[in-house]
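Trainee: pasted the sequence and its predicted model underneath.
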Amino acid sequence: MSNVNHVSQTLLLTQRGAAGEVLTRVGADEVGFAPGAVIPPAVLPYPLAAPATPNANNEEFTGTLAAWTVQLAVVAPNVVDVNTNANSRVLAHIASAAAGTDGFRIAKTLSGAWAGNISMTAEVGLSAYANFGSFEFGFLQAGLNSGPIVLLSNQLGAVALRNYSDWGVGTNAGLFAVNGVFGVAANPPDRFYAHLQRVGGTWSVWLSSDAASWRQIGTDATAFAITGAGLQLNGFAATAPYVIGTDFIRFNWLFLP
């Protein structure tokens, strides 16, 4: 597959097997995104280190999920690990084909004011597996079940922004979607970064392989009254173990032009 903006990086991916064994894979992976941006990449010096003065709503996944409401829990033998692995990821692990469809969703009401310019940035982890999985994150309105949600699909290498009226059921009106943005199925990037922001009333979604050089995927001007945020990890009809996870979710950490 032809990609652009390749970045060679060392990856650490920790998986827990069905019997609880820890499998750690370290290796070099070339991460890139295919064309599809509406403007050239923006290169900005944002480090990966946690901000010195973090937003009170940030989640670095170094403790428990006490601040979050679990709206959808995984079903045994699948597991969710928080701060019990080498890189502090939240992990949703499908352990067998018999339990091959599962999901994990958390949400919370944000403290502070969320009108005007706002942003949400997440580290995204996808490992190779058969069939479909997705990483979803975004802002939520009152009730924590509706709002603008970014969906990253491993099956299609797709990035979409969806207007969910019922996130739990999946009812939504697609705002935009671009397929083939990153490697699919057996060849996804193990780690990359996704960013959602509203600036001047316009929502935009961005991807990056290194959290410094960003590529815009699409924009939309739908109005939302934001009060919360959420994260969902999904796997569907998987025939082998896989991992979907994140190292952090940060709010108003960066704004892209």
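Mentor: Looks like it came in fine. Numbers count the residues shown, from 1 in each chain.

Trainee: does the nearest residue to residue 138 once chain neighbours are set aside have beta-bridge partners, and which?
Mentor: Nearest residue to residue 138, sequence neighbours excluded (CB to CB, 6 or more residues apart in numbering): residue 149, at 3.7 Å. In this view, the C-beta of every residue, glycine as well, is placed from N, C-alpha and C. Under DSSP bridges, the beta-bridge partners of residue 149 are residue 138, residue 162.

Trainee: one more: residue 235?
Mentor: With DSSP bridges as the rule, residue 235 is bridged to residue 102, residue 133.

Trainee: thought it was touching residue 102?
Mentor: Yes. Using CB atoms under 8 Å, residue 235 makes contact with residue 102 at a distance of 5.6 Å.

Trainee: have a look at those two and say which one is more surrounded.
Mentor: Higher neighbour count among residue 235 and residue 102: residue 235, with 26 against 22, using other CB atoms under 10 Å.

Trainee: so how far is residue 205 from that one?
Mentor: According to CB to CB, to the nearest Å, residue 235 stands 22 Å off from residue 205.

Trainee: repeat that for residue 75.
Mentor: For residue 75, the distance to residue 205 (CB to CB) stands at 30 Å.

Trainee: those two: which has the busier surroundings?
Mentor: Set residue 75 next to residue 205 and count neighbours by other CB under 10 Å: residue 205 wins out with 26 against 13.

Trainee: skipping adjacent residues, who's closest to that one in space?
Mentor: Closest to residue 205 by CB to CB, 6+ apart is residue 217, at 4.7 Å.

Trainee: quick check: which element contains the one you found?
Mentor: Assessed by DSSP states H and E, residue 217 sits inside strand 213-220.

Trainee: which pLDDT does the model give residue 183?
Mentor: pLDDT for residue 183: 63.

Trainee: then residue 169?
Mentor: As predicted, residue 169 sits at a pLDDT of 91.
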